[in-house]
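A.B. asks: What would the 3D arrangement of this be:
(one chain, ligands or ions: 1)
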Amino acid sequence: ILGGIAYVGYGIYQDRHPAPQIEPDPSKKTLVILGTGWGSVSLLKRLDTENYNVIVISPRNYFLFTPLLPSCTTGTIEHRSIMEPIRTILRSKRANVKYYEAEASSIDPERKVVKVFDASEVRGDTAETEVPYDMLVIGVGAENATFGIPGVREHSCFLKEIGDAQLIRKKIMDCVETAAFKDQKPEEIDRLLHMVVVGGGPTGVEFAGELQDFFEEDIKKLIPDISDRFRVTLIEALPNVLPSFSKQLIEYTESTFKEEKIDIKTKTMVKNVTDKSVEAEVTGPDGKKEKVVFPYGLLVWATGNAVRPVVKDLMARIPAQKDSRRGLAVNEYLVVQGARDIWAVGDCAVAGYAPTAQVASQEGNFLARLFNNMAKTEMLEENIRELSGSLNLKPGNAAEISRQIEEYERQLRRIKDIKPFHYSHQGSLAYIGSEKAVADVSWFNGNLATGGSLTFLFWRSAYLSMCFSTRNRLLVINDWLKSKLFGRDVSR
Ligand code: NAD
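C.D. replies: Take a look at the predicted model:
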């Protein structure tokens, strides 16, 4: 045990006292990385930054462990526990890596520059500049899809960023406290305590589960007089929730939600949103369509991803991208099709896989290997060129030089053989409330579909192991213990 503690302590010491950084080298290529999400951070983690002058640009100066974001909406987990500052991540890099807190507004692939702007709160204005690149990695993710449905942007909460989770947490308690206010009308209490979630994908399902837990485990005990009025409704346009999971797990989720008293409305397509109600169209078993209205206190919109403007703008500049709809079409090496020296990873790239954290992080890892290899290849080729040039100048050393060239050539042959990106699916996990989870995982070359309390423990340990740092892991464990022992913090 003492050895273990000493090892962890040494690791923390090393992390907090890294070797001094080396200044940017004008002879090296400039690699610009846009974004600090799963794709970009996985790339950074494994990239040998000594080979390039690396510049990271993102409006978010931290990495966010998104799988646990739904837990932040109710205070099961505190938001800072799943954030890792990008500055801390970069500290462990030996070479100098620059970070600019800014948003890319456009990319000019002809001039090889990225236009960025920084909307500074302290300065109170927006500064704009251009950052030139030799190589560019786009990992800017996606934005929330609204399908142009009126009222969605104005009235609903999304669940993508930490600010979204904080807003939801505030709004839940606002609804609850307003419903508990003196002389509140019964129909207003019902509206305020009706929490509507649109989108039955993993985000909507996990959030609905967390919300019902919060209510059952905490709010009900603290404010018992309104407890029988609280309702969660999950609206999904398709015939079932969690379409990417197996049939057995869909049924398990739906029956668990029934027990938890979460109302699932399938075949229900939201068409309009106002400040107090959601208007939807339900398709009945006979195919007839009917209009329904759901008054709500809180509305959370989780209907998937849409392409960000900066990505749309780049796609419009590249003729080969004209048929791509869901993001930047990339080839098997994640190179943006029709562009030179631009790669894309994660939700902004279309590589034939679902837009998940798992895909993005594998893509980031792949690019790190690719770039490390490219740098090594260039270095070996340069060495071979130099040695070949000196062969005639130093005839006495010819045998030694030839042997050296052969050795470099052998290394080169080995390096160049990098295989195209291949995604290896490890499985899908989702929390469904009341300490139950569902898992579709690869198991000894087969598939295992399981749901329940044991799967919940598996879900927790899998997510814990995936947390970015030991610090994050300890904070998350602490939050789980804290909310179990003392209940969630309901202050606004
Ligand atoms: P999603 O795309 O998976 O699901 C959105 C759902 O919203 C769809 O089922 C769609 O039919 C429904 N929808 C769309 N418009 C609607 C409307 N007007 N009315 C009613 N329903 C409507 O979105 P997500 O859950 O945000 O997930 C995005 C991606 O991230 C997916 O690839 C998902 O697999 C991944 N993800 C995975 C996990 C996990 O594995 N635990 C968690 C979160 C996200």
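A.B. asks: Test my guess that A104 contacts V310.
C.D. replies: Yes - A104 is in contact with V310 according to CB atoms under 8 Å; the separation is 5.1 Å. For the C-beta atoms, the positions are set from N, CA and C on the backbone; glycine is no exception.
A.B. asks: Quick check on those two: which one has the bigger neighbour count.
C.D. replies: The residue with more neighbours, out of A104 and V310, is A104; 26 against 20, by other CB atoms under 10 Å.
A.B. asks: before we move on, back to that, could you pull out the residues contacting both of A104 and V310?
C.D. replies: V140 (CB atoms under 8 Å, 6 or more residues apart in numbering).
A.B. asks: And the residue of the stretch 201-350 of the chain closest to the ligand?
C.D. replies: G201 (2.3 Å; CB to the nearest ligand atom).
A.B. asks: Report how many residues lie close to that residue.
C.D. replies: 19.
A.B. asks: cool, E259 as well?
C.D. replies: Neighbourhood size, E259 [other CB under 10 Å]: 10.
A.B. asks: if I look at the closest residue in space to it that isn't next to it in sequence, how far off is D213?
C.D. replies: Excluding the flanking residues, the one nearest E259 by CB to CB, 6 or more residues apart in numbering is S434, at 7.5 Å. Distance, S434 to D213, using CB to CB, to the nearest Å: 6 Å.
A.B. asks: Between these two, which is the more surrounded one?
C.D. replies: Using other CB under 10 Å as the criterion, S434 and D213 rank with D213 on top: 20 against 17.
A.B. asks: does A437 count as helix, strand or coil?
C.D. replies: strand (DSSP: H, G, I helix; E, B strand; the rest coil).
A.B. asks: Show the contacting residues for it.
C.D. replies: A437 neighbours (CB under 8 Å, 6+ apart): L429, A430, Y431, G451, G452, T455, F456, F458, W459.
A.B. asks: ok, now with 6 Å
C.D. replies: Y431, T455, F456, W459 (CB atoms under 6 Å, 6 or more residues apart in numbering).
A.B. asks: Give me the pLDDT for it.
C.D. replies: With respect to pLDDT, A437 scores 97.
A.B. asks: Okay, the closest residue to it other than its chain neighbours and the ligand: tell me how far apart.
C.D. replies: With sequence-adjacent residues excluded and distances taken as CB to CB, 6+ apart, A437 is closest to W459, at 3.8 Å. Separation of W459 from the ligand (CB to the nearest ligand atom, to the nearest Å): 9 Å.
A.B. asks: pretty sure W459 contacts L429?
C.D. replies: Yes - applying CB atoms under 6 Å as the test, W459 and L429 come out as touching, 5.1 Å apart.
A.B. asks: Which one's more surrounded, these two?
C.D. replies: Neighbours per residue (other CB under 10 Å) separate W459 from L429, with L429 holding more: 23 against 20.
A.B. asks: Dump the helix or strand where that one lies to CSV, restricted to CA.
C.D. replies: For L429, the element it lies in under DSSP states H and E is strand 427-433. Extracted C-alpha coordinates of strand 427-433, given in CSV (Å, rounded to 0.1, in the frame of the first residue of the first chain):
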residue,chain,number,x,y,z
GLY,A,427,-19.9,-1.2,-26.8
SER,A,428,-22.6,1.3,-25.8
LEU,A,429,-23.7,2.1,-22.2
ALA,A,430,-26.5,4.2,-20.9
TYR,A,431,-27.8,5.0,-17.5
ILE,A,432,-31.6,4.6,-17.2
GLY,A,433,-32.4,5.7,-13.7
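A.B. asks: who's in contact with it?
C.D. replies: With CB under 6 Å, 6+ apart, strand 427-433 has contacts from 202, 205-206, 209, 212-213, 253, 256, 260, 437-442, 459.
A.B. asks: Tell me, how many residues neighbour the closest residue to F147 other than its chain neighbours?
C.D. replies: Excluding the flanking residues, the one nearest F147 by CB to CB, 6+ apart is T303, at 7.1 Å. If you count neighbours by other CB under 10 Å, T303 ends up with 23.
A.B. asks: isn't there a strand covering T303?
C.D. replies: No - T303 is assigned coil when assessed by three-state DSSP, not a strand.
A.B. asks: Just want to check the distance between it and S461.
C.D. replies: 30 Å.
A.B. asks: ditto for S361
C.D. replies: 18 Å.
A.B. asks: So for those two, which residue has more residues nearby?
C.D. replies: Taking neighbours as other CB under 10 Å, S361 and S461 compare with S361 leading, 20 against 10.
A.B. asks: The more buried one: which element?
C.D. replies: Using DSSP H and E, S361 falls in helix 357-393.
A.B. asks: Against which helices or strands is that helix packed?
C.D. replies: In terms of contacts (3 or more CB pairs under 6 Å, 6 or more residues apart in numbering; DSSP states H and E), helix 357-393 is packed against helix 38-46, helix 398-416.
A.B. asks: Now do the last one: which elements does it pack against?
C.D. replies: Judged by 3+ CB pairs under 6 Å, 6+ apart, helix 398-416 is in contact with helix 357-393.
A.B. asks: buried residues in the helix it packs on?
C.D. replies: 357-368, 370-376, 380, 383-384, 387 (16 or more other CB atoms under 10 Å).
A.B. asks: and if you look at stretch 176-196?
C.D. replies: Those would be V176, A179, A180, I189, D190, R191, L192, L193, H194, M195, V196, for stretch 176-196 by 16+ other CB under 10 Å.
A.B. asks: do it and the ligand meet?
C.D. replies: No - Stretch 176-196 lies out of reach of the ligand by CB under 6 Å from any ligand atom, never closer than 10.5 Å.
A.B. asks: do stretch 421-436 as well
C.D. replies: Yes - residues of stretch 421-436 contacting the ligand under CB under 6 Å from any ligand atom: S428, L429, A430.
A.B. asks: End to end on that stretch, go ahead and measure it.
C.D. replies: 34 Å (CA to CA, to the nearest Å).
A.B. asks: which of the residues in that stretch are buried?
C.D. replies: Residues F421, S428, L429, A430, Y431, I432, G433, S434, E435, K436 are the ones in stretch 421-436 that count as buried (16+ other CB under 10 Å).
A.B. asks: what do you get for stretch 146-166?
C.D. replies: So stretch 146-166, judged by 16+ other CB under 10 Å, has buried residues 146, 149, 151-152, 155-160, 162, 164-165.
A.B. asks: Nice, that's everything, thank you.
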